[in-house]
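Give me the fold of what follows.
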Amino acid sequence: MTPGLVLAGFLLIVLLAAACGGGEESVTIYSGRSKELIGPILERFAADSGIDVRVKYASSAELAAMLREEGGRSPADVFIAQDAGALGAVEAAGLFGAIDGDILELVPAAFRSAAGRWVGLSGRARTVVYNTDRIDPADLPDSILGFTDPQWQGRIGWAPSNGSFQAFVTALRLSLGEDAAREWLEGIKANDAAEYSKNTPIVAAAAVGEIDVGFVNHYYLHRFLAEEGEGFGARNYYTAPGDVGTLINVAGAGILDSSDDRDNAAALLRFLLGAEAQRYFTEETYEYPLVTGVEANADLRSIAELRPVELDLGRLEDLEGTLRLLRDTGVLP
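Residues are numbered from 1 along each chain as shown. Below is the predicted model of the structure:
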C-alpha cells in the first residue's frame with residue numbers, strides 16, 4: 001500500500017471516530033453547589049472513572065434560569081442544585097430526561113421527583129441557631145411562627161436573599177398558605193431582624209451574641225464546631241415535629257434531556273449516590289445521607305427523630321411567587 005493510501009486510511013479512521021463520538025469521555029455539570037462543597041467529590045469521580053468533569057459554578061436559581069433560556073441548546077449534561085425548588089423549576093420547564101430506575105430506587109420517594117426526573121443527593125434541615133449564653137432552648141417557641149412575637153424584637157438574624165431561605169419561604173407558602181407566609185414575613189421584619197448575606201455569618205453572629213437566634217441550615221453550625229470545638233457559643237434548635245421550621249430540603253441532580261453524554265451523566269449520579277460519596281456528604285459537609293445503609297454523622301439528630309413537615313419537594317419550584325412575596329412585604333427591595 002502506498003504512503004498516500006495509508007495516510008488517507010488514517011484520516012478516514014479519525015473522521016469516523018469523531019463522527020461516532022470518539023475522543024475523551026466527559027460530562028458537563030452546572031452546579032448550584034459551591035466548589036468548596038462538592039468540588040472534592042467531583043474530583044474523586046473524575047479520578048475513579050477517567051471521565052473528564054467540566055463544571056460551571058453559580059447559584060442554583062441563576063443556573064436554573066440559564067437552563068430555561070438555553071433550552072435544548074444547553075451544553076450541560078447534569079444540573080446539580082442546592083435545593084429542590086431549582087430542580088423543580090427545571091423539571092417544570094420540561095428540560096430533564098428520565099433517570100434510570102436503579103438510580104431512583106436508591107433514594108426514598110420523599111426525596112426525589114415523583115416523575116423520576118431528578119433525585120436527591122443529600123439532605124439539609126432548616127434549624128434555628130441560638131446563642132448558648134443568652135438563650136435556654138427550653139424557652140424557644142415550638143413553631144417557627146412563634147418568632148413573630150414582639151419579645152424577639154432586635155434579636156433575630158436572617159438571610160432573605162439566600163436560596164435556602166427562599167426555598168423555606170416557598171415551603172411556608174405551600175404548607176400554611178399565602179396569607180400565613182405573608183404574616184410571618186411581616187412579623188419577622190417588624191421585629192427588626194438583622195439581615196445577612198448567607199448562613200455562615202448568621203451562625204458566627206449568634207455565637208458572639210450579635211443576635212440571639214438565626215434561621216439557617218443545620219450543617220453550618222457543625223462546621224464551626226469542627227473548627228473551634230465544643231466551646232463555640234452557638235447550637236442548633238429544631239422546632240416541633242411536623243412544623244415547617246424543620247423542613248428537610250435536598251441538594252439534588254437531574255440529567256438534561258438534551259445531553260449527548262447521558263451514560264456518563266448516569267454514571268455520575270450512581271457515584272454520588274454510592275457509599276463513598278454519601279459518606280463524604282455526612283462526614284465532610286455534615287449533611288444527611290439519603291441512601292439506605294449509610295449512617296448520618298453521629299453529631300446529627302436523625303431525620304426520623306426530627307419528624308419534619310411532610311411536603312412534596314417538587315412543589316418548591318415556585319421561586320418567582322416567593323420572590324414576589326418577599327418584595328411585596330419589603331423584605332427584599
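
C-terminal to the lowest-mean-pLDDT helix or strand in the chain, what's the next element?
In the chain, the helix or strand scored least confidently by mean pLDDT, DSSP states H and E is helix 3-19, which has a mean of 35. Next helix or strand after helix 3-19 toward the C-terminus (DSSP states H and E): strand 26-31.

buried set for that next one?
If you call a residue buried by 16 or more other CB atoms under 10 Å, then strand 26-31 has these buried ones: V27, T28, I29, Y30, S31. All C-beta spots, glycine's among them, are computed from the backbone N, C-alpha and C.

now A267, nearest residue through space, not along the chain?
Leaving aside its chain neighbours, A267 sits nearest to S49 (6.1 Å; criterion: CB to CB, 6 or more residues apart in numbering).

any idea of the pLDDT on that neighbour?
pLDDT, S49: 97.

Count the neighbours of it for me.
16 (other CB atoms under 10 Å).

who's in contact with it?
E25, N264, A267, F271 (CB atoms under 8 Å, 6 or more residues apart in numbering).

E25 reaches D52, doesn't it?
Yes. Applying CB atoms under 8 Å, one finds E25 in contact with D52, separated by 6.6 Å.

Now do the helices in the stretch 201-333 of the chain.
For the stretch 201-333 of the chain, the helices defined by DSSP state H, counting those that start in this stretch occupy 219-228, 262-272, 275-283, 303-306, 319-328.

which secondary structure elements does the longest one contact?
In terms of contacts (3 or more CB pairs under 8 Å, 6 or more residues apart in numbering; DSSP states H and E), helix 262-272 is packed against strand 26-31, helix 35-49, strand 78-81, helix 101-104, strand 248-255.

For it, the averaged confidence score.
For helix 262-272, the mean per-residue pLDDT is 98.

Dump that helix to CSV, keeping only the CA atoms.
The C-alpha coordinates for helix 262-272 follow below in CSV (Å, rounded to 0.1, in the frame of the first residue of the first chain):
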residue,chain,number,x,y,z
ARG,A,262,-26.3,10.5,29.2
ASP,A,263,-24.3,7.4,30.1
ASN,A,264,-21.6,9.5,31.7
ALA,A,265,-24.2,11.6,33.4
ALA,A,266,-25.9,8.5,34.8
ALA,A,267,-22.5,7.2,36.0
LEU,A,268,-22.0,10.4,37.9
LEU,A,269,-25.4,10.1,39.6
ARG,A,270,-24.6,6.5,40.6
PHE,A,271,-21.3,7.6,42.0
LEU,A,272,-22.9,10.5,44.0
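
where in the chain is pLDDT low?
1-23 (pLDDT under 70).

residues near D328, how many?
Neighbour count for D328, taken as other CB under 10 Å: 12.

tell me the contacts of it?
With the criterion set at CB under 8 Å, 6+ apart, D328 makes contact with R182.

what separates it from L185, distance-wise?
In this view, D328 and L185 are 9 Å apart by CB to CB, to the nearest Å.

thinking again about what came up before, and the helices of the stretch 201-333 of the chain as CSV, adding distance to P108?
Listed next are the helices of the stretch 201-333 of the chain as CSV, based on distance: least, CB to CB, whole Å:
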stretch, distance to P108
helix 219-228, 20
helix 262-272, 16
helix 275-283, 13
helix 303-306, 10
helix 319-328, 24
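
and the ones you listed, which is most packed in?
Per-stretch averages of neighbours, counted by mean count of other CB atoms under 10 Å, single out helix 262-272 among these, with a mean of 20.
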